[in-house]
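Engineer: Okay, here's the prediction I keep looking at, along with the sequence it came from:
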Amino acid sequence: KNEVEQSPQNLTAQEGEFITINCSYSVGISALHWLQQHPGGGIVSLFMLSSGKKKHGRLIATINIQEKHSSLHITASHPRDSAVYICAVMEYGNKLVFGAGTILRVKS
Amino acid sequence: NAGVMQNPRHLVRRRGQEARLRCSPMKGHSHVYWYRQLPEEGLKFMVYLQKENIIDESGMPKERFSAEFPKEGPSILRIQQVVRGDSAAYFCASSPSGNVNEQYFGPGTRLTVT
């Protein structure tokens, strides 16, 4: 079992839909990151969370430390949101452990 | 404040050659991390360095790979005698001393071994 599990692996949505990507982890962590990667592109850090909820524009990230679970929500999705979204946890010791990623495609 | 810089962005090497990948952290950051993304696979931790010290190299292959972060200049990931299986995207991230939970990623170096 991977330390970081993401679901779904693939997600296709219509423009305007509300999207949720989930992340569960099995180890103790000091922080959790949500990252975005476009095909052949670099990695953009969207959020770093250690508790609660953060919002940036149409993106919302939440974390429940007791349940070892985090969600990334995209409201009013747009084709430019199409990318791979990666959950990564910071284990004590400073290294990130990554989920396999969720491939999101938003159709117009 | 420039972000994390990596060069080259693309590197092609023949089998048996050496590859040197460079990473300049954000200004004021003294922690550097290297990650590898193999084709169709997720990102994996390789090594964590502070200036002049390797802190954690538990993700580095045992042979042919080495990393350094000298007092002056960029961090270098060196791969000797490259093989086709080394073809991947190599990402560097940096974090400030005050908050090592924050990591800022560079654009990556895409290594192709022919």
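Structural biologist: The structure has been received and is ready for your questions.

Engineer: middle-most residue in chain B, spatially?
Structural biologist: residue B:34 (3.7 Å; C-alpha atoms, centre = their mean).

Engineer: OK, contacts around the nearest residue to that one once chain neighbours are set aside?
Structural biologist: The shortest distance from residue B:34 to any non-neighbouring residue, by C-beta to C-beta, 6 or more residues apart in numbering or on different chains, is to residue B:46 (4.4 Å). Any C-beta I mention is one placed from the backbone N, CA and C, and that applies to glycine too. Contacts of residue B:46 were listed using C-beta atoms under 8 Å, 6 or more residues apart in numbering or on different chains, and they are B:33, B:34, B:35, B:36, B:57, B:59, B:60, B:65, B:67, B:77.

Engineer: redo that, cut-off 10 Å
Structural biologist: Residues touching residue B:46, when contacts are defined by C-beta atoms under 10 Å, 6 or more residues apart in numbering or on different chains, comprise A:95, B:33-36, B:56-61, B:65, B:67, B:77, B:90-92.

Engineer: where's the closest residue to residue B:25 other than its chain neighbours, which helix or strand?
Structural biologist: Leaving aside its chain neighbours, residue B:25 sits nearest to residue B:94 (3.3 Å; criterion: C-beta to C-beta, 6+ apart). In the assignment (DSSP states H and E), residue B:94 maps to strand B:88-96.

Engineer: next helix or strand past that strand?
Structural biologist: Toward the C-terminus, strand B:88-96 is succeeded by strand B:104-105 as the next helix or strand (DSSP H and E).

Engineer: what separates the residue located most distally from the centre of chain B from residue A:31, distance-wise?
Structural biologist: No residue in chain B has its C-alpha farther from the mean C-alpha position than residue B:98, which lies at 21.7 Å (C-alpha atoms, centre = their mean). Noted for residue B:98: a distance of 14 Å to residue A:31, by C-beta to C-beta, to the nearest Å.

Engineer: quick one on the thing from earlier: report the distance from the strand holding residue B:94 to the chain centre.
Structural biologist: Computed by C-alpha atoms, centre = their mean, to the nearest Å, the chain-centroid distance of strand B:88-96 equals 6 Å.

Engineer: And stretch A:47-61, by the same measure?
Structural biologist: 10 Å.

Engineer: Buried residues in that stretch, which are they?
Structural biologist: By 16 or more other C-beta atoms under 10 Å in any protein chain shown, the buried positions in stretch A:47-61 come out as A:47, A:48, A:49, A:59, A:60, A:61.

Engineer: Could you pull up the residues touching residue A:90?
Structural biologist: Listed by C-beta under 10 Å, 6+ apart, the contact set of residue A:90 reads A:29-33, A:48, A:50, A:96-97, B:95, B:100-103.

Engineer: got a list of what the closest residue to it other than its chain neighbours touches?
Structural biologist: Closest residue in space to residue A:90, ignoring its immediate chain neighbours: residue A:31 at 4.3 Å, by C-beta to C-beta, 6+ apart. Contacts here follow C-beta under 10 Å, 6+ apart; on that basis residue A:31 touches A:47-51, A:63, A:88-91, A:96, B:99-103.
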